[in-house]
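Engineer: take a look and give me a structure for this.
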Amino acid sequence: MALFQSGNPALSENKFKGTILSEFEDVQDSMTVKGTLNKFGILFLLTLATAYFTWKEFVGGGNVWTYIMVGVFGGLGVAIFISFKKEWSQYLAPLYALLEGFVLGGVSAYFEYGAQSAQGMYKAGYSGIVIQAIGLTFSVVAAMYLLFKFQIIRATEKFKAIIFTATAGIALFYLALWILHFFNVATPGFIYEGSAFGIGFSLFVVALAALNLILDFDMIEKGAAMGAPKYMEWYGAFGLLVTIVWLYMEILRLLSKLNRR
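Structural biologist: Model (predicted):
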């Protein structure tokens, strides 16, 4: 089934098939893998720009909570809207990247320096954790690309179905946790604690996010092969950014748990 073509819902096969029109016969008007990667590079730089902004604000003693909330809810809204208006991807994908940067910068600074006290001092941070998480994220992305390119891991229909189901399960689990937290209901401690079970759970989620990259690479190549229109390069880059940001956040969480032991 086409529904199971990618664990990342932004990159499902139906999303690409619905954009393929007969008038897109000129290769100049069609999606390419290289073009998608170039667009991803632009989105990545935009994400870094706003992440740097909120990072500096945090270090300078500013309150970045507003930026993080704007990034979370604004990014979610843009992500939902872009799924229905793929032809607007060239405008919405950069906006999503900027909003996501606000979240990444603030959250990363918190993990690096910890909570800020009234005296302006930081506590409970883990110095160097962010650069470790960035390094590991890029290493995982490169490794998964090589595994995909050399067909060591193949995006078979069964593989796609398993990854999609597991990803949907994790998404629902995180949504339930967020709702419980919103109503001040206690959540399972292993989500934040460095227990053996907590670390095992984080390892599982990191592995799941990494395997989603295989599906993303597969669908970007298929989108290009199917002759999707040029604007789908932005859409493909957006979907890839979603997965890589998720991978980074889960690696950051895992490293923080390991630092607590």
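
Engineer: where along the stretch 51-200 of the chain do the helices fall?
Structural biologist: Taking DSSP state H, counting those that start in this stretch to define them, one finds helices in the stretch 51-200 of the chain at 65-84, 89-113, 129-149, 157-182, 196-225.

Engineer: ok, and which of the ones you listed has the densest surroundings?
Structural biologist: helix 89-113 (a mean of 22; mean count of other C-beta atoms under 10 Å). Yep, even glycine has a C-beta here, placed from its N, CA and C like the rest.

Engineer: average pLDDT across that one?
Structural biologist: Per-region confidence: helix 89-113 scores 96 on mean pLDDT.

Engineer: helices and strands around the helix or strand harbouring residue 237, which ones?
Structural biologist: Element membership of residue 237 [criterion: DSSP states H and E] is helix 232-260. Helix 232-260 is packed against helix 33-59, helix 65-84, helix 89-113, helix 129-149, helix 196-225, with contacts defined by 3 or more C-beta pairs under 8 Å, 6 or more residues apart in numbering; DSSP states H and E.

Engineer: any chance of the helices of the stretch 51-200 of the chain in JSON lines, plus distance to residue 243?
Structural biologist: Formatted as JSON lines, these follow (distance: least, C-beta to C-beta, whole Å):
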{"stretch": "helix 65-84", "distance to residue 243": "12"}
{"stretch": "helix 89-113", "distance to residue 243": "12"}
{"stretch": "helix 129-149", "distance to residue 243": "9"}
{"stretch": "helix 157-182", "distance to residue 243": "10"}
{"stretch": "helix 196-225", "distance to residue 243": "5"}
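
Engineer: relative to residue 43, which of these is closest?
Structural biologist: Across the helices of the stretch 51-200 of the chain, residue 43 has its closest neighbour in helix 89-113 (4.1 Å, C-beta to C-beta).

Engineer: roughly how far out does the closest one sit from the chain middle?
Structural biologist: Remark: helix 89-113 is offset 10 Å from the chain centroid, using C-alpha atoms, centre = their mean, to the nearest Å.

Engineer: do stretch 191-201 as well
Structural biologist: 21 Å.

Engineer: what's the neighbour count on residue 154?
Structural biologist: Counted by other C-beta atoms under 10 Å, the residues lying close to residue 154 total 11.

Engineer: give me phi/psi at it?
Structural biologist: phi -100, psi 140 (degrees, to the nearest 10).

Engineer: so residue 245 sits against residue 102, correct?
Structural biologist: No. Contact between residue 245 and residue 102 fails when scored by C-beta atoms under 8 Å: they sit 11.9 Å apart.
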